[in-house]
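In: the following comprises the amino acid sequence and a computationally predicted model.
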Amino acid sequence: MSKNKDIFHQHLAQTTPFPFGIKVSHAQGSYIYDTQGKAYLDLISGIAVSSLGHGHPRIKKAINQQTEKHLHVMVYGEFEQEAQNELAKELLQILPESLNSFYFVNSGTEAIEAAMKLAKRVTHRQEIIAFKKAYHGSSHGSLSLSSNELKKAPFEPLLPQIKHIELNVIEQLAQITEHTAAVILETIQGDAGVRFPELNYLKALRKKCDETGSMLIFDEIQCGMGRTGKMWAFEHFQVVPDALVSGKSLGAGLPIGCLIAKHEAMLQFSDNPMLGHITTFGGHPLVCAAAAEGLKIIREENLLEGIERKAELFADLLQHKEIIEVRQLGLMLAIELKDEEKVQQIVLNGLESGILLFWFLSTPNAFRLSPPLNISEEDIRIGCSKIVALLNEL
Ligand SMILES: Cc1ncc(COP(=O)(O)O)c(C=O)c1O
């Protein structure tokens, strides 16, 4: 056993008894390399994070330039920092006018926590409605939004006054009432195995929230930032939320979360009581500089234009008798197999054959793909032919 293995297994906290354990040397483009020089085609992007691939020269440059200027100077909110302003300017260009105020934090979970708090402040209500099979994070608040009893039970009591409704069941919208502070929905459910709201359902949900004065909050931590072929997944449905939560790939490889709402609503955090939501590192200048550059790259390199073609290529190539269904929007895919055990096998065998696949927390009969948005068509062909070869071997 090498010294490194000792440290990793014995001194770094683990989240599962069987981590992948790839010893990462470096990463470039759509590939991650281990210390033995083996290349892994990254079809998951560190779960929907590395959308610009690894080591993008413009991101590295933006980080280096910011490093030369300054790193942390003050807790969030007190000082005016150019990197935060730049990121806000970029975000303003790609959002509807009503979503014009940004609270930068360090992770998606934190942004969800902030969203829940904001809804309570804006509406003076406590109840929050989430969806069956939702995933919004792992903290006490965000875990309360999950309906996965197995994952929640050891940590109870969690937050009171959280209800769960079934996606696309119009009748259950009746549970949204004048007592509901917010309804929180992943616009495309990720961990549920890539599940979509129906257009009419989402419109009815918007209407119900308008009627009851409840805030409609979309979690686009995973499905936003171009992953589905549009900058935001809600653009597919022409339904605008009252608040939007982003994270993951927004940071272009650095840790970020962002709560987005209208300015008047966000004022609730700064008054009566002031300091209603605070963070030391949120809006870190290095992260904001990378994130702002990431958004410029998506725009200037027209990254979204190619997504539909790439998505079709995946759909065409991923055909096999073991595959029951490929659920996808853009480059957010769930590959559902007939047999749950085969999902385990294929993800592990993928490591051997040099492709990174991953499972879902709550959808055991499918594996996920979320490759970098700038993956080449050649790499899509390589990846899919390896997946098909693995399925043939099972
Ligand atoms: C839809 C969704 N919401 C929230 C989160 C939590 O984000 P983070 O892990 O950055 O805290 C995730 C992470 O996987 C997610 O997919």
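Out: It's in.

In: what number of residues lie near the residue in the stretch 101-250 of the chain positioned nearest to the ligand?
Out: Closest residue of the stretch 101-250 of the chain to the ligand, CB to the nearest ligand atom: residue 108 (2.4 Å). Where C-beta positions appear, they are placed from N, C-alpha and C, glycine not excepted. By the criterion of other CB atoms under 10 Å, residue 108 has 27 neighbours.

In: leaving out the residues flanking it, which one is nearest to it?
Out: The shortest distance from residue 108 to any non-neighbouring residue, by CB to CB, 6 or more residues apart in numbering, is to residue 247 (3.2 Å).

In: tell me the contacts of the one you found?
Out: Residues near residue 247 by CB atoms under 8 Å, 6 or more residues apart in numbering: 107-108, 111, 221, 256-258.

In: do you know how far it is from residue 79?
Out: Per CB to CB, to the nearest Å, residue 247 is found 23 Å from residue 79.

In: residue 162 too?
Out: 36 Å.

In: neighbour count for those two, which is higher?
Out: residue 162 (19 against 12).

In: how about the residues of the stretch 101-250 of the chain by the ligand?
Out: 107-109, 112, 135-137, 186, 190, 219, 221-222, 247-248 (CB under 6 Å from any ligand atom).

In: quick one: buried ones out of those?
Out: Listed as buried from these are 107-109, 112, 135-137, 186, 190, 219, 221-222, 247-248; burial here means 16 or more other CB atoms under 10 Å.

In: which of the residues in stretch 145-152 are buried?
Out: So for stretch 145-152, counting by 16+ other CB under 10 Å, buried means 145-147.

In: quick one: the helices in this protein?
Out: Here the chain has its helices, by DSSP state H, at 3-6, 45-48, 57-69, 82-93, 108-123, 140-144, 149-152, 199-212, 263-266, 285-300, 307-317, 340-352, 377-393.

In: show me what contacts residue 104?
Out: Going by CB under 8 Å, 6+ apart, residue 104 touches 76, 84, 87, 256-258, 282-283, 287-288.

In: what's the closest non-adjacent residue to it?
Out: Excluding the flanking residues, the one nearest residue 104 by CB to CB, 6+ apart is residue 283, at 3.6 Å.

In: residues touching that neighbour, list them.
Out: Neighbour list for residue 283: 76-77, 81, 84, 104-105 [criterion: CB under 8 Å, 6+ apart].

In: out of those residues, which is most surrounded?
Out: Scoring the contacts of residue 283 on neighbours with other CB under 10 Å, the highest-scoring entry is residue 104 at 30 neighbours.

In: OK, contacts around the most centrally placed residue in the chain?
Out: The centroid of the chain falls nearest to residue 222 when counting by CA atoms, centre = their mean (2.0 Å). Going by CB under 8 Å, 6+ apart, residue 222 touches 47-48, 108, 186, 188, 190, 248, 332, 370.
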